[in-house]
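**Q** Fold the following, please.
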Amino acid sequence: RRSVGKELMILALLFLAYGYWGEYIPGVLGHTGFTYKRIVYQLFLSSEGIFGISLGVSATYIFLFILFGAFLTETGMGRFIKDLAMSLAGRTIGGEAKVSIVASGLMGMINGSAVGNVAATGTFTIPLMTGAGFKPVFAAAVVAVAGTGGMIMPPVMGAASFIMAEFLGLHYGVIMLAAAIPAVLYYLAEYAVIHIEAVKMGMKPIPRDEIIPLTKVMRERGHLLVPIIVIVYLLLIGRTPLYAAFYGIISSIAVSFLTKATRLTWKSFFKAMESGARQSVGVGIACAVVGNIIGITNLTGLGLVLGDNIVSLAGGSVLITTFLTMIVCVILGMGLPTTACYIVTATIAAPALMKLGVNPLAAHMFTYYFACLSNLTPPVAIASYGAAGLSGQSPSAVGWTGFRISLAGFLIPFTFIFNPELLLVGGDYVSITISTITSIIGVIALASSLQNFLYVRMNLIQRAGMFFGALLLIFPGLTTDIAGVALTGTVFFWQRMQARSRAL
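**A** Numbers count the residues shown, from 1 in each chain. All right, here's what the predicted structure looks like:
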């Protein structure tokens, strides 16, 4: 209970009760009921219970990747990411907020925890933003949204991504590649929202004398990127995640000795070991508890029953089924850790999507994506609450502001459901390129519609044009793409003309 919260514990107990007393439940959810011995056998002696896939992955892949992140942190990776983000984004309009986006994206490459990402970047980006004139609530919300994106940013994504690979029987490198374009689209959507907000406020870039030159940053700490490159390379050539994580840790220790500033001492070495072990405890316990839920779901056939009912309720519509799945993910995410939320929804809801012909990888990535985004959905927005604590602002205010900022990112899972090319599933380079370009236009259009601003404040027609144009770009097909681009393009040039006329 202390590690994963009482909500997951209560849910596991409810599933155990369901397995034992299911014969007393009326309707489609009822079953014949199982004896105490049969339930114990399922949970403890089969591969579908506590000692199943989720706990096995936690004890192997997830632990080593958490340890990898802990070692990189001790070498001073956090400072390198801060300086690199300032160098890359500081000289743009509203650079203080964009630094948070870039820093969180870079931190997300080695840290698959939303709250951990918020804590690592928020300590310096929130004061930076508030000092530049951004409201403290907005600054905290930006950090929460950017930090949550770290869970979908390869190569080291959230713990559930490794479990997804096992569920689908795929190499983790495939999951990593599939997540790349959606992750970039997510950060692009948030970057667009922040840019538009900065333009509305009349913000200026960070003064040049406050930014460390990129060449100096890379010269002093650029070698810390080597372990990440090692992991990506080993995964891409087909090595196992265990192999890649092991050599990632070895390389992080080795490259730390290249400069005095990054050198690991015996004290920092053991601190990294302790930090990795502590972070792994919560994930391991969550995976073990979720094993109860998986075991009962498979024993009773609950997953198939719920999947059939979701499809029936949606009338066989893929769009409605995805919407219902999103709601399930968000509701479960209010009380469960992300890993547990993904496992439960992947067991219950993903089969419904696959039954309608959705690609299995797209279906699981959809549930994983919204399990991550549940960290931003009020009333229980864990990432936003973490950022609120750093900024001293109201958790509720930060939560709702973060939700508004992240709404453009909510479009992306629906996009790759209908355009699996974005996950590099099937299709040629031409179709992948077209899907990527239309998705970029779509997320930027939705961001401008939600902010009610592009070059100048939008009127109702312009805002509706951007919104519906973005929705049209979700669906595959030449007709919808042309209509979406035409609609958003018309509003774009309309806005540009208005801005020029006002400048005169």
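
**Q** got a list of what the closest residue to residue 134 other than its chain neighbours touches?
**A** Once flanking residues are discounted, residue 134 sits nearest to residue 97: 6.1 Å by CB to CB, 6 or more residues apart in numbering. (C-beta placed from N, C-alpha, C; glycine too.) With contacts defined as CB atoms under 8 Å, 6 or more residues apart in numbering, residue 97 is in contact with 125, 129, 132, 134, 139, 142, 194, 197, 198.

**Q** Neighbour count and distance to residue 404 for those - can I get that in TSV?
**A** Listed next are these as TSV, based on neighbours: other CB atoms under 10 Å; distance: CB to CB, whole Å:
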residue	neighbour count	distance to residue 404
125	31	19
129	28	16
132	18	20
134	24	15
139	29	14
142	33	11
194	30	12
197	19	11
198	22	16
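
**Q** Just the ones of the residues you listed in helices?
**A** 125, 129, 132, 139, 142, 194, 197, 198 (DSSP state H).

**Q** By mean pLDDT, point me to the weakest helix or strand of this protein.
**A** helix 302-313 (a mean of 76; mean pLDDT, DSSP states H and E).

**Q** From the contact counts, what lies against the following helix or strand past that one?
**A** Next helix or strand after helix 302-313 toward the C-terminus (DSSP states H and E): helix 318-333. Using 3 or more CB pairs under 8 Å, 6 or more residues apart in numbering; DSSP states H and E as the contact criterion, the elements in contact with helix 318-333 are helix 302-313, helix 338-348, helix 350-355, helix 360-373, helix 411-418.

**Q** Now helix 318-333: average pLDDT?
**A** Summarised as a single mean, pLDDT over helix 318-333 is 85.

**Q** Report the separation between the two terminal residues of stretch 35-45.
**A** 15 Å (CA to CA, to the nearest Å).

**Q** chain center to that stretch: distance?
**A** 35 Å (CA atoms, centre = their mean, to the nearest Å).

**Q** Next: stretch 254-270.
**A** Relative to the mean C-alpha coordinate of its chain, stretch 254-270 is positioned 30 Å out (CA atoms, centre = their mean).

**Q** Quick check: mean pLDDT of it?
**A** For stretch 254-270, the mean confidence score works out to 90.

**Q** tell me which residues in the least confident helix or strand of the chain are buried?
**A** 302, 303, 305, 306, 307, 310, 311 (16 or more other CB atoms under 10 Å).

**Q** And for stretch 419-439?
**A** For stretch 419-439, the neighbour count (16+ other CB under 10 Å) marks 419-423, 425, 427, 432, 434-436, 438-439 as buried.

**Q** Would you point out the most distant pair within the residues you listed?
**A** 425 and 438 (16.7 Å; CB to CB).

**Q** so is the spatially closest residue to residue 52 that is not a sequence neighbour in a helix, a strand, or just coil?
**A** With sequence-adjacent residues excluded and distances taken as CB to CB, 6+ apart, residue 52 is closest to residue 291, at 5.3 Å. Following DSSP: H, G, I helix; E, B strand; the rest coil, residue 291 is assigned to helix.

**Q** ok, back up a step: put together CSV for the ones in helices among the contacts of residue 97, with pLDDT and distance to residue 264 on each row.
**A** Output for the ones in helices among the contacts of residue 97, formatted as CSV (pLDDT from 0 to 100; distance: CB to CB, whole Å):
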residue, pLDDT, distance to residue 264
125, 85, 26
129, 86, 32
132, 79, 35
139, 89, 33
142, 90, 32
194, 89, 35
197, 86, 40
198, 86, 39
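
**Q** wait, which of those residues is closest to residue 231?
**A** Taking these together and measuring to residue 231 by CB to CB, the closest member is residue 125, at 25.5 Å.

**Q** wait, what's in contact with the closest one?
**A** 96, 97, 99, 100, 103, 139, 142, 143.

**Q** helices and strands around the least confident helix or strand of the chain, which ones?
**A** Using 3+ CB pairs under 8 Å, 6+ apart: helix 302-313 touches helix 318-333, helix 338-348, helix 350-355.

**Q** out of the helices and strands packed on helix 318-333, nearest to residue 270?
**A** Nearest to residue 270 among the helices and strands packed on helix 318-333 is helix 338-348 (26.8 Å), distances taken as CB to CB.

**Q** residues making contact with the closest one?
**A** 4, 8, 11, 54, 114, 151, 158-160, 163-164, 167, 283, 286-287, 289-290, 293-294, 297-298, 302-303, 306-307, 325, 328-329, 332-333, 336, 364, 367-368, 370-372, 374-375.

**Q** what's the neighbour count on residue 500?
**A** 11 (other CB atoms under 10 Å).

**Q** which residues touch the helix or strand encompassing residue 80?
**A** Using DSSP H and E, residue 80 sits in helix 77-89. Residues external to helix 77-89 that are found in contact with it (CB under 8 Å, 6+ apart): 95, 98-103, 106-107, 110, 120-121, 124, 206, 210-214, 217-218, 221-222, 224.

**Q** re earlier: pick out whichever of the ones in helices among the contacts of residue 97 sits closest to residue 247.
**A** Using CB to CB, those come closest to residue 247 at residue 125, 31.5 Å.

**Q** Please report how far the closest residue to residue 104 other than its chain neighbours lies from residue 292.
**A** Closest residue in space to residue 104, ignoring its immediate chain neighbours: residue 146 at 3.5 Å, by CB to CB, 6+ apart. Residue 146 sits at a distance of 34 Å from residue 292 (criterion: CB to CB, to the nearest Å).

**Q** Have a look at these two and say which one is more surrounded.
**A** residue 146 (36 against 22).

**Q** about what we covered before: next, format the ones in helices among the contacts of residue 97 as CSV and append distance to residue 345.
**A** Shown next, in CSV, are the ones in helices among the contacts of residue 97 (distance: CB to CB, whole Å):
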residue, distance to residue 345
125, 31
129, 34
132, 39
139, 31
142, 27
194, 30
197, 32
198, 36
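
**Q** Name the nearest of those residues relative to residue 255.
**A** residue 125 (25.9 Å).

**Q** what sits against the residue nearest to the closest one when sequence neighbours are not counted?
**A** Nearest-residue entry for residue 125: residue 100, 3.9 Å, with adjacent residues in sequence omitted and distances by CB to CB, 6+ apart. Neighbouring residues of residue 100 by CB under 8 Å, 6+ apart: 85, 121, 122, 125, 128, 129, 139, 142, 143, 146.

**Q** what's the answer for residue 463, then?
**A** Residue 463 touches 449, 452, counting by CB under 8 Å, 6+ apart.
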